[in-house]
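In: The following block contains a protein sequence and its predicted model.
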Amino acid sequence: MEGWSKNRIEIPDSVAMDILSKLPVKSLARFRCVAKPCCSYFQTSHFITKHYQNNLRNNNLNLLLKRCHGNTHDDIHYFSSLSTKKGENFLVKENIRLPFFEDCWYAPVVSGPCNGLLCLHDAGKVALWNPSTREFKTLPPSTVKRPPTVDSTRFGCLGFGFDSVIDDHKVVRFVTNYFDYNEEEGLLADWIHQVDLYSLKNDSWKEIPFPGVHPFASPLFNNYINGFYYWQATRNSEYLILSFDMINEKFSTLPLPNFGGSLAQYYLQLLDLNGLLGAIVYPREGTEKSFDLWVMNGSWSRQLSIESVPGVERPLGFWKNGELFLESSNRQVVLFDPSTQELKNLGIDAYQNTMQLVPYFESLVPINGSSEQEQHIIRQPM
């Protein structure tokens, strides 16, 4: 592409692209329409990486809120895009409905983000979504061979991450195959566990060895951290943390933090804490909650304690300056500032406890899918 000029002033390509890499995706999409030679450059891995790193460096976070009206199977789950502009108090900009998941109960669980991409899943349905470029990809059914005479197959915990060595996004999913009791043959109910692994680069699934550890918790926060995905898990009645290395495709285990209680008394949620594995611990009972934040850096250490926040149920996520989004006892989104102890009601209804807050950075990463319009995804501006 030749140098750019305006009023006879030449702008070198490198300078022009450096400027463009700092623009939001929406602006780049408009620019692409009037300067078509730029289209191919916007799709290069160099520009995509530079654009994403600029968003990381400037902490240009976006917010999606997954919520639902009511609490029955027929209710519609949807995402709300929240404004992150200063002074707008996280106003709802638009609501987004995904028809692909509307017949699912939790519709859907969100894993990620990873490089600006989200993995959406419920039961056997899995899709990747780039909310910035509005590209959506339904993953093909798994081709992993199931045991013969299996009566039912259920899909459990799922993880989503990135293999930086081969530039590939991967999905790892736990599967349980059930065999029902057969009175005539005298068989007892039984099950066999499998693990499916999907590669976006190959657009295919394969089987990897089951680790002998059973993950049990769907993530409330983003559990993908620097090439690893983490779950809470059990092994022979022992509670621990299971991790999966996206590059080597291997499982390993870590202990839980020694927080002085049991999981019968406390909730524990894993999260990304500035590039390290973190855990937030809070009591199951009561509406005046305390929150302890732990970080793993060779060993577990407690980083922060927040005492006696009234009228709240659970955390939803941290914001830029250490503020904590919480779900209130009356199912509203509130923002707590630990430095001032101020609790601010944002006026956003949660409706039920399947609500999930998803902070993400804009990204141009392609997923070889189709447009939201082709997928009949509905964006309704507020």
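Out: Sure, I can see it. Residues are numbered from 1 along each chain as shown.

In: What average pLDDT does whichever helix in the chain runs longest get?
Out: Secondary structure of the chain read by DSSP state H shows that its longest helix is helix 45-57. Average pLDDT, helix 45-57: 92.

In: Give me the residues contacting that helix.
Out: Here helix 45-57 makes contact (CB atoms under 8 Å, 6 or more residues apart in numbering) with 17-18, 20-22, 28, 41-42, 60, 115-116, 167, 361-365. To be clear about C-beta, it is placed using only N, CA and C from the backbone, and glycine gets the same treatment.

In: going on from that helix, what's the next piece of helix or strand?
Out: Remark: after helix 45-57, the chain's next helix or strand is strand 61-68, criterion DSSP states H and E.

In: roughly how far apart are the residue nearest to Lys170 when sequence neighbours are not counted and Phe160?
Out: In this structure, Lys170 finds its nearest non-sequential neighbour in Met246, 5.4 Å apart by CB to CB, 6 or more residues apart in numbering. Here the criterion is CB to CB, to the nearest Å. By it, Met246 lies 9 Å from Phe160.

In: cool, Leu335 as well?
Out: Distance of Leu335 to Phe160, given as CB to CB: 27 Å.

In: What of Arg331?
Out: Distance of Arg331 to Phe160, given as CB to CB: 28 Å.

In: what residues does the one helix or strand Ala127 maps to touch?
Out: According to DSSP H and E, Ala127 maps onto strand 125-130. Contact with strand 125-130 is made by 98, 100-101, 104, 108, 116-121, 135-139, 158, 169, 171, 173, 198, 200, 363, 365-367, 369, as judged by CB under 8 Å, 6+ apart.

In: Buried among these? Need that as a selection in ChimeraX.
Out: The ChimeraX command for the buried members of those (criterion: 16 or more other CB atoms under 10 Å) is given here:
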select :98,100,101,104,108,116,117,118,119,120,121,135,136,137,139,158,169,171,173,198,200,363,365,367,369
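
In: So for the helix or strand harbouring Asp18, what gets flagged as buried?
Out: Here Asp18, judged by DSSP H and E, is contained in helix 13-20. For helix 13-20, the neighbour count (16+ other CB under 10 Å) marks 16-17, 20 as buried.

In: Then stretch 371-382?
Out: For stretch 371-382, the neighbour count (16+ other CB under 10 Å) marks 372, 375, 377 as buried.

In: In three-state terms, how would the closest residue to the second one other than its chain neighbours be classified?
Out: Put plainly, it is Gln375. The shortest distance from Gln375 to any non-neighbouring residue, by CB to CB, 6+ apart, is to Phe136 (4.6 Å). The three-state label given to Phe136 by DSSP: H, G, I helix; E, B strand; the rest coil is strand.

In: looking at the sheet around Phe136, what are its partners?
Out: Beta-bridge partners for Phe136, by DSSP bridges, are Trp129, Ser370.

In: one step back: of the buried residues of stretch 371-382, which is the nearest to Thr143?
Out: Nearest to Thr143 among these is Gln375, at 22.8 Å by CB to CB.

In: At which residues are the strands of the stretch 201-350 of the chain located?
Out: Under the criterion DSSP state E, counting those that start in this stretch, strands of the stretch 201-350 of the chain are mapped to 204-208, 214-215, 224-225, 228-235, 238-245, 250-254, 266-273, 276-283, 288-296, 300-310, 312-318, 324-328, 332-337, 342-349.

In: List the contacts of the last one.
Out: Counting by CB under 8 Å, 6+ apart, the neighbours of strand 342-349 from elsewhere in the structure are 65, 67, 80, 82, 89-90, 92, 309-312, 326, 328, 331-337.

In: Restrict those residues to the buried ones and give me that as a PyMOL selection.
Out: The buried residues among those can be selected in PyMOL (16+ other CB under 10 Å) with this line:
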select buried, resi 65+67+80+82+90+309+312+326+328+332+333+334+335+336
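
In: Point out where the stretch 101-250 of the chain drops to low pLDDT.
Out: 106, 181-189 (pLDDT under 70).

In: I figured Glu372 hits Arg379, correct?
Out: Yes. Taking CB atoms under 8 Å as the contact criterion, Glu372 and Arg379 are neighbours in contact, 7.1 Å apart.

In: hmm, back to that, what angle separates the helix holding Asp18 from helix 45-57?
Out: Between the axis of helix 13-20 and that of helix 45-57 there is an angle of 40 degrees, by axes from the mean of the first three to the mean of the last three CA atoms, to 10 degrees.

In: on that earlier part again, tell me which of the contacts of helix 45-57 fall in strands.
Out: The members of the contacts of helix 45-57 that map onto strands under DSSP state E are Phe361.

In: And the strands in the stretch 51-200 of the chain?
Out: According to DSSP E, counting those that start in this stretch, the strands that the stretch 51-200 of the chain contains are 61-68, 77-82, 92-97, 109-114, 117-122, 125-130, 135-138, 152-163, 168-179, 190-199.

In: Need the ones you listed in a markdown table (columns: distance to Gly322).
Out: Formatted as a markdown table, the strands of the stretch 51-200 of the chain follow (distance: least, CB to CB, whole Å):
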| stretch | distance to Gly322 |
| --- | --- |
| strand 61-68 | 13 |
| strand 77-82 | 18 |
| strand 92-97 | 24 |
| strand 109-114 | 20 |
| strand 117-122 | 24 |
| strand 125-130 | 28 |
| strand 135-138 | 33 |
| strand 152-163 | 26 |
| strand 168-179 | 30 |
| strand 190-199 | 35 |
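
In: Of all those strands, which one is nearest Leu242?
Out: Taking CB to CB, strand 152-163 is the member of these nearest to Leu242, at 8.9 Å.
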